[in-house]
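Chemist: Below is the structure, and that's it, no one-letter string:
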Ligand SMILES: Nc1ncnc2c1ncn2[C@@H]1O[C@H](COP(=O)(O)OP(=O)(O)OP(=O)(O)O)[C@@H](O)[C@H]1O
Ligand SMILES: [Mg+2]
């Protein structure tokens, strides 16, 4: 679908993206000054003697698909965990939409519109796919206990639930997992779980999505489908930061790439620059390229 | 389980698929079983049939109702939210004692606050919720296991404090050396210590029927019917209260919990049970939700305690031993943790078949064997009743073993409970009804406005 939509004049959103080819999108993205919703400054995280993240700084541009790569143990997931409040950083700051979110709780960060998925899909196993998705949206008035039980107030809750239900079904169709709607999430296959996790994160309607290896264990055709969907969403204005081990995939799909190695930021730039960066080749890409 | 499965299959599906019918059918079957066995017992023992049946059923009704109430309350904590609260007995104690102390007359021994019963009741629920909140506040921020340790510890601390002489308020003369009235900002009260404390009412049915010596018109009528059936007033009272608990309180708990469960709030609870970090990563403030739900559940447990142990007119701290918590957990696990219908079924099955059942069965077997022995070996024959296990075992006489089992059925019941629990954990960990999908939403999720058949999209791409 990425080739489809790039070819058709379907550019959406307030940013007037010109109707151009993929490589031109990259250029336009560089030229057009846009917001930097997520900024990481000198982030540091130690586990005992290991410094998993060692003074990492980077920025994620609004509406971009930014890739984060690095060998196993480079500290990518830990960076995600520090950004989203799962771990408390030992140093540095995280700015989101201009606010300092360092040390905030995961739910506060998610509530501001920064949502992540997990490297190992974490499903709410004994909840159905529908329940998984219904859980996600922000601002559900029925999450207040008194609204759920007081007879007179329940009407509004039901109204909102009906609206959310429609969105949920649309999302299920978008991800083509609507046939699994009533299934327990625990019964899904690995790839289906990845789809569900991404769909659930999207139901939060976040501004920025951090995806930790969303394609791990997903078969190639499903992977292509997921990528298509990510591109579609990006064109709708979502921002993505993507961790992935498949270099070709990153090179082909991301306009900006961050490389980590042993907790440090090794390089940063557009795909061409990364491909030709000697330090990156030494440390990571090796003979692959 | 093949017998069980065959039995389950024999139940018509119109009953299995409807929660209300399932519960009613289960209760009806249980009552019938007890009634028949009680008729048999009465005939064997030359007792009046109807009063014996009525007495047995009123006892059964009460037990089913209180275990269903407690299992429902626990289901909110453990079944829905995954909060491992093993201090249920303690929260029941807080409810019953708060109510008793708030309602006790200021001049009594121990003295109390002298509040009217309804206000004392509400006060007791608030206090139980607050105690629950205080217990939860530090523990809920830690990992799940700590909550278990905190709650079981708190439960025992509560019991021991209530047991302590120091707070008992039984010596009200300030000059005395053993003066032990608690003085809190000028309010004087006591717990009654090991001697226990009077609860505000010893006969809840009197709220409907009027005082026992001087019943009102409804009371006259009910007692009149009782007399004409040969049933005395206390059985009429017990039956009335048991039915009130079963028909109104269990229903109210059920409706409340279904409403809590089938809502966005209930969805967050389930998500906390499944994976709290995921819930947080989706923007849910799980700590506050957990504290809220813990407080509500504790208040429900406190109310359950009041309706149960608070209904006898008198209570002492040893009523609230951890075994009570264990019973309630067993009821919930048997019924199906996570399911409200399962909680009610679990309460009924536990009360009727695990708690009361072995005793009833022992009585029936004893009567039957007695009758058999008399026909075989003439009048005066009866089952041997060995003093202890060694004696029973060394006789190598099956009748002796049977006699020993019947004589010690109350203790042997614990073994049965253990076996049932182990069996359930290994073979049916979801309980009798835990497999039911009780979807956490206030609307039917499979229904849609667009009305597109949900399978259409799926089949094409598989
Ligand atoms: N919770 C933890 N406790 C201790 N050490 C940890 C923890 N999480 C990560 N680490 C360590 O931090 C380092 C970075 O791990 P991290 O998971 O961030 O790597 P990664 O880049 O995501 O690797 P991968 O590509 O394999 O997922 C590793 O050496 C790991 O052992
Ligand atoms: Mg990782």
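Modeler: Thanks, I have it. This structure is a prediction, so every number in the text was calculated from the model and none was measured. Numbers count the residues shown, from 1 in each chain, chains lettered A, B, ... in the order given. Ligands and ions are numbered 1, 2, ... in the order given.

Chemist: Run the contact check for the longest helix belonging to chain A versus chain B.
Modeler: When chain A is scanned for its longest helix (criterion: DSSP state H), the result is helix A:154-174. Yes: when contact is scored as Cβ under 8 Å from any Cβ of the partner chain, part of helix A:154-174 falls within range of chain B: A:154, A:157, A:158, A:161, A:162, A:165, A:166, A:168, A:169, A:173. (Each C-beta comes from the backbone N, C-alpha and C, glycine too.)

Chemist: Let me see the residues that make contact with the helix or strand just after that helix.
Modeler: The C-terminal neighbour of helix A:154-174 among helices and strands, as given by DSSP states H and E, is helix A:190-203. Helix A:190-203 is contacted from outside by A:115-118, A:121-123, A:129, A:132-133, A:135-137, A:167-168, A:171-172, A:174-177, A:180, A:185, A:188, A:209, A:211, A:214-219, A:222, A:226, A:229, A:233, A:238, B:282, using Cβ atoms under 8 Å, 6 or more residues apart in numbering or on different chains.

Chemist: so which of the residues of helix A:154-174 next to chain B is the most crowded?
Modeler: Ranked by neighbour count (other Cβ atoms under 10 Å in any protein chain shown), the residues of helix A:154-174 next to chain B have residue A:168 at the top, with 28 neighbours.

Chemist: mind listing what it touches?
Modeler: Counting by Cβ under 8 Å, 6+ apart, residue A:168 touches A:130, A:133, A:134, A:203, B:445.

Chemist: Mean pLDDT per element in chain B, and the minimum belongs to which helix or strand?
Modeler: None of the helices or strands of chain B scores lower by mean pLDDT, DSSP states H and E than helix B:454-461, at a mean of 39.

Chemist: Show me what the one residue in the stretch 151-289 of chain A that gets nearest to ligand 2 is bridged to.
Modeler: Each residue of the stretch 151-289 of chain A has a distance to ligand 2, by Cβ to the ion, and the smallest belongs to residue A:212, at 6.0 Å. Following DSSP bridges, residue A:212 is listed with bridge partners residue A:243.

Chemist: In this structure it contacts residue A:117, no?
Modeler: Yes: taking contact to mean Cβ atoms under 8 Å, the distance of 5.9 Å between residue A:212 and residue A:117 places them in contact.

Chemist: and residue B:85, that one's in a helix?
Modeler: No: the secondary structure assignment for residue B:85 gives coil rather than a helix, going by DSSP: H, G, I helix; E, B strand; the rest coil.

Chemist: got the phi/psi numbers for it?
Modeler: Comment: the main-chain dihedrals of residue B:85 come out as phi -90, psi 110, following degrees, to the nearest 10.

Chemist: again with residue B:408
Modeler: When quoted as degrees, to the nearest 10, the phi and psi of residue B:408 stand at phi -110, psi 30.

Chemist: isn't residue B:356 right up against residue B:61?
Modeler: No: proximity of residue B:356 to residue B:61 does not meet the contact threshold set by Cβ under 8 Å, at 11.0 Å.

Chemist: Have a look at these two and say which one is more surrounded.
Modeler: Ranked by neighbour count (other Cβ under 10 Å), residue B:356 and residue B:61 place residue B:61 first, with 25 against 19.

Chemist: ok, for that one, nearest residue in space, not its chain neighbours?
Modeler: residue B:242 (3.4 Å; Cβ to Cβ, 6 or more residues apart in numbering or on different chains).

Chemist: Name the helix or strand for the one you found, please.
Modeler: Using DSSP H and E, residue B:242 sits within helix B:233-244.

Chemist: which strands and helices sit next to that helix?
Modeler: Contact here means 3 or more Cβ pairs under 8 Å, 6 or more residues apart in numbering or on different chains; DSSP states H and E; on that basis helix B:233-244 packs against helix B:49-74, helix B:206-209, helix B:217-228.

Chemist: from the chain's centre, how far out does it sit?
Modeler: Going by Cα atoms, centre = their mean, to the nearest Å, the spacing between the C-alpha centre of helix B:233-244 and its chain's C-alpha centre is 17 Å.

Chemist: Give me the next element, helix or strand, following that helix.
Modeler: Sequence-wise, the next helix or strand beyond helix B:233-244 is helix B:250-261, with elements assigned using DSSP H and E.

Chemist: and that next one, what does it pack onto?
Modeler: Taking 3+ Cβ pairs under 8 Å, 6+ apart as the contact definition, the neighbouring helices and strands of helix B:250-261 are helix A:145-149, helix B:49-74, helix B:264-281, helix B:340-349.

Chemist: what's that helix in contact with?
Modeler: When contacts are taken as Cβ under 8 Å, 6+ apart, the neighbours of helix B:250-261 outside the stretch itself are A:145, A:148-149, A:154, B:65, B:68-69, B:72-73, B:75-76, B:80, B:266, B:269, B:296, B:300, B:340, B:343-344, B:347, B:438, B:440.

Chemist: returning to that earlier point: need the helices and strands packed on helix B:250-261 in CSV with distance to residue B:154 and mean pLDDT, can you?
Modeler: Conversion of those to CSV gives the following (distance: least, Cβ to Cβ, whole Å; pLDDT from 0 to 100):
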stretch, distance to residue B:154, mean pLDDT
helix A:145-149, 23, 87
helix B:49-74, 16, 94
helix B:264-281, 21, 94
helix B:340-349, 23, 93
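
Chemist: Tell me which of the ones you listed sits nearest to ligand 2.
Modeler: Among the helices and strands packed on helix B:250-261, helix B:264-281 comes nearest to ligand 2, with 15.5 Å by Cβ to the ion.

Chemist: Tell me the buried residues in that closest one?
Modeler: With burial defined by 16 or more other Cβ atoms under 10 Å in any protein chain shown, the residues of helix B:264-281 counted as buried are B:264-276, B:278-281.

Chemist: State the mean pLDDT of the helix or strand harbouring residue B:40.
Modeler: Secondary structure assigned from DSSP H and E places residue B:40 in helix B:19-44. Rounded to a whole number, the mean pLDDT of helix B:19-44 is 90.
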